[in-house]
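*Asks:* When you get a sec, could you give me coordinates for this:
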Amino acid sequence: MSATPTHGKKLTIGFGLVNVALAIKPLHESKTRPGGKFLDAKNLHPVKQVYKTSDERIIGRDEIVTGYAAGDDTFVLLDDAVVETLCAEKTGRMEISKTVPFNEVDPAHLSSTYLCWPQTGSETAFDLLAEVLRGSGSAAVATVVLTKTTQQVILRWSEDLEVILVHICEFSNAIRTNDVNLVKDAASKRTVDPAMVEVAKTLLSSLEGTFDATEVEDTYGAALTEAISNATNGVTAPVTKTEKKVAAADDLLEALKASVAASTKAKVKA
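*Replies:* Presented below is the predicted three-dimensional model:
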């Protein structure tokens, strides 16, 4: 029996009359580097959280209740049982409603991503779904209740990782529409010099390549781990900071032309 990831959330996905038992787990680590903690500067004792009211009173955790905003500085209390009845029922089922070309899905509508794998006994049906998604370039659109409400999710085959990934879709009303409209409106009132557009296209074309997620590493996390190790052993690292210098460009078009020339020269040298 093959090993599978631990701590996965078990679900059943349905398409037509086919049901597949699977599990999902967040694809990305929530904590990949050491974290700091508030300490007493004198004795290095951990500092406990203090709860303070708006009128400066200190209260304990057991004195706190959950209030829901009902207006400016106005809150109401709801019984936990009442709130619970408002939550969608967690059936543990993910239902596929349709398939769409994944390249037509704007990433602006996607939030967290989950890794997906079959539960024991559902490997054949799961592999069948994976093969269909892999060969078609399509994504399956489904609905599921993971927390308190029904959410739309997208299942698709990742050519890079060679697994099925599940993307949680943000609700449409979560997008900051007012801010988006402000940005669009401001952009519509500006014009771009066609000559600059052509040079900019040439510059971007000279930078064409393939995406590689390993090109950039978390140097901060590794350096922080090393600094903690050094501090534990009584070694103090020198404080150095590299100052970034940005060349000023009085003429945007000239800056673009110079960039194209530099990029072309670098390619020829390579």
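
*Asks:* all helices for the stretch 51-200 of the chain, in order.
*Replies:* Assigned by DSSP state H, counting those that start in this stretch, the stretch 51-200 of the chain shows helices spanning 80-86, 123-136, 177-188, 194-206.

*Asks:* Need the winner for burial among the ones you listed.
*Replies:* Comparing the helices of the stretch 51-200 of the chain by mean neighbour count (mean count of other CB atoms under 10 Å), helix 123-136 ranks first with a mean of 15. Heads up, the C-betas are built off the backbone N, CA and C, glycines and all.

*Asks:* May I see the helices of the stretch 51-200 of the chain organised as TSV, with distance to Gly234 and mean pLDDT added?
*Replies:* Listed next are those as TSV, based on distance: least, CB to CB, whole Å; pLDDT from 0 to 100:
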stretch	distance to Gly234	mean pLDDT
helix 80-86	51	91
helix 123-136	53	93
helix 177-188	50	96
helix 194-206	50	88
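
*Asks:* Tell me how many other residues surround Leu110.
*Replies:* 14 (other CB atoms under 10 Å).

*Asks:* Could you double-check that it sits in contact with Glu170?
*Replies:* Yes: using CB atoms under 8 Å, Leu110 is in contact with Glu170, at 7.0 Å.

*Asks:* quick one on the thing from earlier: and the helices of the stretch 51-200 of the chain as TSV, adding distance to Ile96?
*Replies:* Shown next, in TSV, are those (distance: least, CB to CB, whole Å):
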stretch	distance to Ile96
helix 80-86	26
helix 123-136	9
helix 177-188	29
helix 194-206	38
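
*Asks:* so which of the ones you listed gets nearest Arg93?
*Replies:* Closest to Arg93 of the helices of the stretch 51-200 of the chain, according to CB to CB: helix 123-136, at 14.7 Å.
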